[in-house]
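Enquirer: Sequence first, predicted model second:
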Amino acid sequence: MTETRKENEGTAVEAGSLATERFTQSGKLAKLDVPKERVSQLAGELIQAANDIVVKHEVTYEEYNALKAWLIKVGTDGEWPLFLDVWLEHTVEDVNSKERPGSVGTIEGPYYVPNAPEMSTPATLEMREGEEGTPLLFHGNFTDTEGNPINDAQVEIWHADAAGFYSQYAPGLPEWLFRGTVKADENGHFEINTMQPAPYQIPTDGACGQLIGAAGWHAWRPAHIHIKVSAPGYQLVTQQLYFPGDPHNEDDIASAVKPELMLDVKGRQDGQGNQVEYNYVLAKENESK
Ligand code: MBD
Ligand code: FE
């Protein structure tokens, strides 16, 4: 446990169960209809890959039972969303966004909550009185791939607080702390006042943490701001933005850092923390994806 984890930490089981429940109840499951041929091919090759590993490394019964116990614990801890989003989503995102022009995306992760409070620009995200951290003014513009402004764009933003906690996934935080849906103005401009998040350690007291410990890995993600940008008629971009100099930009446990997502943070003239500009280019629905 690090000094950033306080008594309001909660447990991996709580965060995991909430993420599992959120996913189960999200609209994402209503539309699923994977054809039999795809299921057979994908599940078949996954099972074959696991069998190949057993042969290649002459996996013992002790190791097989450790795996079985661990997989059971991933479920009881509710950590399937965490496990998949940390160790698999980055490749799914890469494969599915490589043809999309415009702003670069990355993984969504397990802690998105839809329908965060709507605000017009300039917006200030919900904070507590005396909120700790460095103030950050995040601003930018939306254009299409030809450079024309987009007039009805929005920025959904969510991030951890300065201690590394996400609202709705850790006890004791205001429901919409550091979560908002900010409407850009008619010129495609947005301004969001928030606080810089801290580097983030994924929960270490659940199944994922147990794996990390057993393998001698680390649990850190660099500090990041989660974003979904969209406008009617344009393709949604899900991304995260990162801060130069973070010790975990090079070894993110979730492999979700890309050079295009690095912010160019500057000190503010008025001494009130930092500011950063990041501009979005959205692809139309029918532009290749
Ligand atoms: C996070 O905040 C996150 O962004 C990811 C990908 C996994 C765990 C926690
Ligand atoms: Fe995150």
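Expert: In hand now; what should we look at? Ligands and ions are numbered 1, 2, ... in the order given.

Enquirer: which bits of the stretch 51-200 of the chain sit near ligand 1?
Expert: Residues of the stretch 51-200 of the chain lying near ligand 1 by CB under 6 Å from any ligand atom: 82, 85-86, 107, 109-111, 200. The C-beta positions use only the backbone N, C-alpha and C, and glycine is treated the same way.

Enquirer: nearest to ligand 1, of those?
Expert: Each of those was checked against ligand 1 using CB to the nearest ligand atom; the closest is residue 109, at 3.1 Å.

Enquirer: just to revisit the earlier point, reformat the residues of the stretch 51-200 of the chain next to ligand 1 as CSV; add neighbour count, distance to residue 248 and pLDDT.
Expert: Converted to CSV, those look like this (neighbours: other CB atoms under 10 Å; distance: CB to CB, whole Å; pLDDT from 0 to 100):
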residue, neighbour count, distance to residue 248, pLDDT
82, 26, 17, 96
85, 23, 16, 98
86, 23, 13, 98
107, 22, 15, 98
109, 23, 15, 96
110, 26, 18, 95
111, 23, 17, 95
200, 24, 9, 87
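
Enquirer: Counting only strands, which of the residues you listed make the cut?
Expert: residue 200 (DSSP state E).

Enquirer: so how far is residue 224 from the spatially closest residue to residue 244 that is not a sequence neighbour?
Expert: Nearest residue to residue 244 in three dimensions, chain neighbours excluded: residue 262, at 5.7 Å (CB to CB, 6 or more residues apart in numbering). According to CB to CB, to the nearest Å, residue 262 and residue 224 sit 11 Å apart.

Enquirer: between the two, what contacts are shared?
Expert: 241-242 (CB atoms under 8 Å, 6 or more residues apart in numbering).

Enquirer: The residues of the stretch 51-200 of the chain next to ligand 1 in helices, which ones?
Expert: 82, 85-86 (DSSP state H).

Enquirer: count of neighbours near residue 216?
Expert: 6 (other CB atoms under 10 Å).

Enquirer: Let me see the ranges of the strands in the stretch 101-250 of the chain.
Expert: Using DSSP state E, counting those that start in this stretch, the strands found in the stretch 101-250 of the chain span residues 118-120, 123-124, 135-144, 154-159, 179-183, 189-195, 200-201, 220-221, 224-230, 237-242.

Enquirer: Can you pull out the low-pLDDT segments for the stretch 1-150 of the chain?
Expert: Within the stretch 1-150 of the chain, the ranges that satisfy pLDDT under 70 run 1-10.

Enquirer: ok, so what distance separates residue 25 from residue 19?
Expert: Going from residue 25 to residue 19 by CB to CB gives 11 Å.

Enquirer: Pick out whichever of these two has more residues nearby.
Expert: Using other CB under 10 Å, the more surrounded residue of residue 25 and residue 19 is residue 19, with 23 against 9.

Enquirer: show me what contacts the more buried one?
Expert: Residue 19 makes contacts with 78-79, 81-82, 110-111, 169, as judged by CB under 8 Å, 6+ apart.

Enquirer: so it is in which element?
Expert: Element membership of residue 19 [criterion: DSSP states H and E] is helix 12-25.

Enquirer: Quick check: buried residues in that helix?
Expert: Going by neighbour count (16 or more other CB atoms under 10 Å), the buried part of helix 12-25 is 12-16, 18-20, 22-23.

Enquirer: same deal with stretch 124-139?
Expert: Neighbour counts over stretch 124-139 (16+ other CB under 10 Å) mark 125-127, 133, 135-139 as buried.

Enquirer: One more: stretch 272-282?
Expert: By neighbour count on 16+ other CB under 10 Å, the buried set for stretch 272-282 is 273-276, 278, 280-282.

Enquirer: show me where the stretch 151-289 of the chain has helices.
Expert: For the stretch 151-289 of the chain, helices defined by DSSP state H, counting those that start in this stretch occupy the ranges 207-215.

Enquirer: how near is whichever residue of it sits closest to ligand 1 to residue 92?
Expert: Using CB to the nearest ligand atom, residue 254 is the residue of the stretch 151-289 of the chain that sits closest to ligand 1, at 4.1 Å. In this view, residue 254 and residue 92 are 12 Å apart by CB to CB.

Enquirer: likewise residue 175?
Expert: Separation of residue 175 from residue 92 (CB to CB): 29 Å.

Enquirer: do residue 258 as well
Expert: Residue 258 sits 15 Å away from residue 92, going by CB to CB.
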